[in-house]
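Student: Can you look at this prediction? I've put the sequence above it.
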Amino acid sequence: MTHNAGQTMTTALQGIDAATGAALQLAFGPTIVDATRGVGAGGRYLAPGWIDIQVNGFAGVDYNSPTVSLEEIARSLQVQFSTGVTRLYPTVITGSPASMRASLANLARAKDAVPHGEAIEGFHVEGPHISPDDGPRGAHPRHWVRPPDLEEFRAWQDAAHGYIRLVTVAPEWPQAPAYIESLTGSGVAVAIGHTNATAAQIADAVSAGAVLSTHLGNGAHAILPRHPNYIWEQLAEDRLAASFIADGIHLPASFLKPAVAAKGILRSVLVTDASTPAGAPPGRYPLGEQWVDLTPDHRVVLAGQDKLAGSALRMHHAVQNVIRLAGVALKDAVTMATTNPARVCGIPGRRGGLVPGDRADIVVFGYDAESGEVHVEATYLSGVRVWDSQGAGQ
């Protein structure tokens, strides 16, 4: 329901507050005007729109391509709205200096120009300052791995119109502590990832300002020392939040459940790490200078290999999967997909949840407790309905 309150158009929604289980009535324009608990009815749930801080591509669109059209980027956003995502960090991975700058520049143009480009909250640069070792390097091309370089970061940020908000780095590089301190001092969040660091190097990175572990449990050796090792060290570090890819492929329940328990709900963040084929049919797709295959069983691997290269995960499936695999409650899964990434990455207007004054980024969804399935019914971005299950995108 929409009505005119003075000169401001407001919309009203009723449902169940996913955070509390209580009836909720929302009134909102671009921001939430009123949130009244205990009023309203209906079997559908209301929650802040999902935030995905690691998206390499979606719907067949490669965010690492400097030449992908703005129209294709806009289309990929529309598909993500259908999954309940309202804010995202397109993620540029390890590549040549020229290609990375050009990809960031292209994404910046999209953010400024495409319909609903504000959903692109900022950019995540994952690499190239990562471990060159097989295992920790993951699917990143080894020949472009290189040490942290502040001048290179400044060139990225200039190309990105200042929109870089998160950088993943391996702390074992000698330059890493000074690099992390400089980036965090400029308001950019830094994550530890794709690393072979020692306990001391991880501690130094956290002391320098690192706040997150990127997709913890992945980008690692297949075999590690019992202890110490860089996964346990990050799990034990209470100053670090951790992101997890809850697709049932990247992490088994036997790791995800104790890892979330170790970090605690408030330090756990859901990401998709989606790559180009996410939301598209099985087949072969580009990812930067490489090619990846989406297999019929929903795995994304380097073409002709068995090495994972991102995922085909959709965020509403991540929410339902973490409930099933880690045994968390619905409200906690929603927290992991909404206010936690907003707080860790400093996303303005999204840290309070469904409260007056926060952005009216809202997902309306159904949840079947018996099957564990989440069904997105509608998505609102800054108060504008950008998708609903009847096929209406704005």
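Tutor: It's in. Numbering: from 1, shown residues only.
Student: And the nearest residue to Glu121 once chain neighbours are set aside, how close does it get to Arg267?
Tutor: Spatial nearest neighbour of Glu121, excluding adjacent residues (CB to CB, 6 or more residues apart in numbering): Arg87 at 4.2 Å. Heads up, the C-betas are built off the backbone N, CA and C, glycines and all. Separation of Arg87 from Arg267 (CB to CB, to the nearest Å) stands at 20 Å.
Student: any idea how far Tyr230 is from Ser182?
Tutor: 23 Å.
Student: who has more neighbours, those two?
Tutor: Tyr230 (26 against 17; other CB atoms under 10 Å).
Student: Would you agree that one is in contact with Thr195?
Tutor: Yes. In this structure, Tyr230 is within contact of Thr195 by CB atoms under 8 Å, at 5.7 Å.
Student: Overlap in contacts, those two.
Tutor: Counting by CB atoms under 8 Å, 6 or more residues apart in numbering, the common neighbours of Tyr230 and Thr195 are Ile202.
Student: before we move on, back to that, check which helix or strand the residue nearest to Glu121 maps to.
Tutor: Applying DSSP states H and E as the criterion places Arg87 in strand 85-93.
Student: for that strand, packing partners?
Tutor: In terms of contacts (3 or more CB pairs under 8 Å, 6 or more residues apart in numbering; DSSP states H and E), strand 85-93 is packed against strand 50-55, helix 97-113, strand 123-126, strand 373-381.
Student: let's go with 6 Å and repeat that
Tutor: strand 50-55, helix 97-113, strand 123-126 (3 or more CB pairs under 6 Å, 6 or more residues apart in numbering; DSSP states H and E).
Student: who does the shortest one pair up with?
Tutor: When pairs are called by DSSP bridges, strand 123-126 turns out to pair with strand 85-93 (parallel), strand 164-169 (parallel).
Student: next structured bit after that strand?
Tutor: Sequence-wise, the next helix or strand downstream of strand 123-126 (DSSP H and E) is helix 150-159.
Student: and that following helix with strand 85-93, angle?
Tutor: Relative orientation of helix 150-159 versus strand 85-93 (axes from the mean of the first three to the mean of the last three CA atoms, to 10 degrees): 140 degrees.
Student: Tell me how far helix 150-159 lies from the chain's centre.
Tutor: 22 Å (CA atoms, centre = their mean, to the nearest Å).
Student: now stretch 338-347
Tutor: Remark: stretch 338-347 is offset 10 Å from the chain centroid, using CA atoms, centre = their mean.
Student: For that stretch, buried residues please.
Tutor: Thr338, Thr339, Asn340, Pro341, Ala342, Arg343, Val344, Cys345, Ile347 (16 or more other CB atoms under 10 Å).
Student: cool, stretch 156-165 as well?
Tutor: Judged by neighbour count (16+ other CB under 10 Å), stretch 156-165 contains these buried residues: Trp156, Gln157, Ala159, Ala160, Tyr163, Ile164, Arg165.
Student: Farthest-apart pair in those residues, please.
Tutor: Ala159 and Arg165 (14.5 Å; CB to CB).
Student: Ends of stretch 294-313, what's the gap?
Tutor: For stretch 294-313, the first-to-last residue distance is 11 Å (CA to CA, to the nearest Å).
Student: buried stuff in it?
Tutor: Residues Leu294, His298, Arg299, Val300, Val301, Leu302, Leu308, Ala309, Gly310, Ser311, Ala312, Leu313 are the ones in stretch 294-313 that count as buried (16+ other CB under 10 Å).
Student: what does stretch 362-379 give?
Tutor: Ile362, Val363, Val364, Phe365, Tyr367, Val374, Val376, Glu377, Ala378, Thr379.
Student: Redo the residues you listed as TSV? Include pLDDT.
Tutor: Shown next, in TSV, are the buried residues of stretch 362-379 (pLDDT from 0 to 100):
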residue	pLDDT
Ile362	98
Val363	98
Val364	98
Phe365	98
Tyr367	96
Val374	97
Val376	98
Glu377	97
Ala378	98
Thr379	98
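Student: can you tell me how far Phe58 sits from Ser76?
Tutor: Taking CB to CB, one finds Phe58 at 4 Å from Ser76.
Student: same deal with Asp293?
Tutor: 19 Å.
Student: neighbour count winner among these two?
Tutor: Counted by other CB under 10 Å, Asp293 and Ser76 do not tie: Ser76 has more neighbours, with 28 against 17.
Student: Please identify which helix or strand holds the more buried one.
Tutor: helix 70-81.
Student: coming back round to it: now do the strand holding Arg87 against helix 97-113, angle only.
Tutor: Going by the same axes, to 10 degrees, strand 85-93 makes 160 degrees with helix 97-113.
Student: Kindly export strand 85-93 (C-alpha atoms) in PDB.
Tutor: Output in PDB follows, covering the C-alpha atoms of strand 85-93 (Å, rounded to 0.1, in the frame of the first residue of the first chain):
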ATOM      1  CA  VAL A  85      20.100  -8.800  -2.400                       C
ATOM      2  CA  THR A  86      19.800  -5.000  -2.200                       C
ATOM      3  CA  ARG A  87      23.500  -4.000  -1.700                       C
ATOM      4  CA  LEU A  88      26.600  -5.700  -3.100                       C
ATOM      5  CA  TYR A  89      30.300  -5.300  -3.600                       C
ATOM      6  CA  PRO A  90      31.200  -6.400  -7.200                       C
ATOM      7  CA  THR A  91      34.500  -8.100  -6.700                       C
ATOM      8  CA  VAL A  92      37.600  -7.800  -8.900                       C
ATOM      9  CA  ILE A  93      40.100 -10.600  -8.500                       C
END
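Student: neighbouring contacts of that strand?
Tutor: Strand 85-93 has contacts (CB atoms under 6 Å, 6 or more residues apart in numbering) with 49-56, 63-64, 100, 103-104, 107, 119, 121-127, 140, 166, 315, 361, 381.
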